[in-house]
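Asks: have a look; sequence and predicted model below, questions after that.
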Amino acid sequence: GAVVSQHPSRVICKSGTSVKIECRSLDFQATTMFWYRQFPKQSLMLMATSNEGSKATYEQGVEKDKFLINHASLTLSTLTVTSAHPEDSSFYICSARDGDFRGELFFGEGSRLTVL
Amino acid sequence: EDQVTQSPEALRLQEGESSSLNCSYTVSGLRGLFWYRQDPGKGPEFLFTLYSAGEEKEKERLKATLTKKESFLHITAPKPEDSATYLCAVQALFSGGYNKLIFGAGTRLAVHP
């Protein structure tokens, strides 16, 4: 099946710094990728939809300037957490769709962010 | 409001004890219902997609079914390696665009030898 790679898997940073997380579709082209956030024992919350070559669509309540999303190619989307604070500590997961809206949605392995 | 509710929140089974997980949904214009398995600290692993009421899909000990209001994930003779959180998600037509998935909170399954 299709593979979505996410990097890094774990990152620890100091408060005030910025952290970039990469999401790559390894064996298919994804015009749309999705970024989710997951708190312990809770479900996935969609943060934004990343569209190749255009601006990302953010969900209500998600700060655009805080969570910068760039989808520069059909196989790569990045999420940058700017000026990170301890409350940004979470599990961030990306996903990509293989094909149109009926295509399967594959997830990356997730990135655990800890902000000290 | 579009909503996905999974029950039970947690389920403990003995090895070989079959059971079912429930996912009920209220969305306007269902475009698909997805089941995923998630292990701790990992991203969700795709299991099934169901598109219309009456549809069923099977994979090893798992069988997913769909009605107009809910979906069931049946686990037959589970093994300890089936222990995981099972997530249900629906793709809705009018929830900000049909590419958006709405996830339930998940069912944490523990299968004991």
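Replies: Received, thanks. The structure presented is a predicted model; accordingly, all values stated were derived computationally and were not measured. Residues are numbered from 1 along each chain as shown, chains lettered A, B, ... in the order given.

Asks: so what's the closest residue to chain A within chain B up against?
Replies: Shortest chain B-to-chain A distance, computed as Cβ to the nearest Cβ: residue-wise this is B:Gly43, at 3.8 Å. Quick note: C-beta positions are derived from backbone N, CA and C, even for glycine. If a contact means Cβ atoms under 8 Å, 6 or more residues apart in numbering or on different chains, then B:Gly43 has A:4, A:6, A:93, A:95, A:107-110 as its contacts.

Asks: among those residues, name the ones in strands.
Replies: Of those, the ones assigned to strands by DSSP state E are A:4, A:6, A:93, A:95, A:107.

Asks: and chain B, which of those reach it?
Replies: The residues of these that also fall near chain B, by Cβ under 8 Å from any Cβ of the partner chain, are A:4, A:6, A:93, A:95, A:107.

Asks: redo these as JSON lines? Include pLDDT and distance to B:Val111.
Replies: Below are those laid out as JSON lines (pLDDT from 0 to 100; distance: Cβ to Cβ, whole Å):
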{"residue": "A:Val4", "pLDDT": "93", "distance to B:Val111": "27"}
{"residue": "A:Gln6", "pLDDT": "95", "distance to B:Val111": "28"}
{"residue": "A:Ile93", "pLDDT": "96", "distance to B:Val111": "25"}
{"residue": "A:Ser95", "pLDDT": "92", "distance to B:Val111": "27"}
{"residue": "A:Phe107", "pLDDT": "92", "distance to B:Val111": "23"}
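
Asks: among the contacts of B:Gly43, which one sits closest to A:Thr32?
Replies: A:Ser95 (9.3 Å; Cβ to Cβ).

Asks: against B:Leu101, how distant is the closest one?
Replies: Distance, A:Ser95 to B:Leu101, by Cβ to Cβ, to the nearest Å: 8 Å.

Asks: any common contacting residues for the two?
Replies: Contacts common to A:Ser95 and B:Leu101, judged by Cβ under 8 Å, 6+ apart, are A:34, A:105.

Asks: residues making contact with stretch A:46-61?
Replies: A:30-37, A:45, A:62, A:64, A:67, A:69-74, A:77, A:79, B:96-97, B:99-103.

Asks: kindly indicate which of the ones in strands among the contacts of B:Gly43 lies nearest B:Gly16.
Replies: A:Phe107 (29.9 Å).

Asks: what's the following helix or strand after the helix or strand bottoming out on mean pLDDT in chain A?
Replies: When the helices and strands of chain A are scored by mean pLDDT, DSSP states H and E, strand A:105-107 comes last with a mean of 87. Of the helices and strands lying after strand A:105-107 in sequence (DSSP states H and E), the nearest is strand A:111-115.

Asks: around chain B, pick out the residues from chain A.
Replies: A:1, A:4, A:6, A:32, A:34, A:41-46, A:49, A:57, A:59, A:91, A:93, A:95, A:97, A:101-102, A:104-110, A:112.

Asks: and B:Lys68, that one's in a helix?
Replies: No: the assignment for B:Lys68 by DSSP: H, G, I helix; E, B strand; the rest coil gives coil, which leaves it out of any helix.
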